[in-house]
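Q: Build me a model:
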Amino acid sequence: MECVAGTSLEPSANALPKGSSSRRNALSAAMTQFEEQMTAASVVTSATRPINLYYALAQVGLAVSAVHTPGTDSSSSHGLTIANPEAEFPDLTAIRAG
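A: Take a look at the predicted model:
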């Protein structure tokens, strides 16, 4: 898979969640949807481009969550939430909304 900017989006073998086919599937689906939203954003007008960019970034968040949050199931949640909203910005943790 190639990003609009030309960089590879293929996750390395070390990045794939081990022992969870649902997390691997969530990662793969999120990265595919990210690429599709970025491609769409590159061909639409500025009137609708922000929508595609928003959803592209949301998919990246879901992909990161699939890699770093064990025990999540993509079919049981929608979107992301902040696990520790009282933390300073660099220490915020985004998790799947449940």
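
Q: Tell me where the protein has helices.
A: Taking DSSP state H as the test, the helices found in the chain are 21-41, 49-68.

Q: Could you list every helix and strand in contact with the last one?
A: Contacting helix 49-68 under the criterion 3 or more C-beta pairs under 8 Å, 6 or more residues apart in numbering; DSSP states H and E are the following elements: helix 21-41, strand 80-82, strand 94-96. In this view, the C-beta of every residue, glycine as well, is placed from N, C-alpha and C.

Q: For the longest one, buried residues please.
A: Taking 16 or more other C-beta atoms under 10 Å as the neighbour-count basis, helix 21-41 is seen to contain the buried residues 23-24, 26-27, 30-31, 33-35, 37-38, 40-41.

Q: Just want the angle from it to helix 49-68.
A: 160 degrees (axes from the mean of the first three to the mean of the last three C-alpha atoms, to 10 degrees).

Q: got the CA positions of helix 21-41 in PDB?
A: Provided in PDB are the C-alpha atoms of helix 21-41 (Å, rounded to 0.1, in the frame of the first residue of the first chain):
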ATOM      1  CA  SER A  21      -6.800 -11.900  14.400                       C
ATOM      2  CA  SER A  22      -9.500  -9.200  15.100                       C
ATOM      3  CA  ARG A  23      -6.800  -6.700  15.900                       C
ATOM      4  CA  ARG A  24      -4.800  -7.600  12.800                       C
ATOM      5  CA  ASN A  25      -8.000  -7.300  10.800                       C
ATOM      6  CA  ALA A  26      -8.800  -3.900  12.400                       C
ATOM      7  CA  LEU A  27      -5.300  -2.600  11.600                       C
ATOM      8  CA  SER A  28      -5.600  -3.700   8.000                       C
ATOM      9  CA  ALA A  29      -9.000  -2.300   7.500                       C
ATOM     10  CA  ALA A  30      -8.100   1.000   9.200                       C
ATOM     11  CA  MET A  31      -5.000   1.500   7.000                       C
ATOM     12  CA  THR A  32      -7.000   0.600   3.900                       C
ATOM     13  CA  GLN A  33      -9.700   3.100   4.700                       C
ATOM     14  CA  PHE A  34      -7.000   5.700   5.600                       C
ATOM     15  CA  GLU A  35      -5.500   5.300   2.200                       C
ATOM     16  CA  GLU A  36      -8.900   5.500   0.500                       C
ATOM     17  CA  GLN A  37      -9.800   8.700   2.300                       C
ATOM     18  CA  MET A  38      -6.500  10.300   1.500                       C
ATOM     19  CA  THR A  39      -6.900   9.400  -2.200                       C
ATOM     20  CA  ALA A  40     -10.400  10.800  -2.100                       C
ATOM     21  CA  ALA A  41      -9.200  14.000  -0.400                       C
END
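
Q: That's all I had, so thanks and see you.
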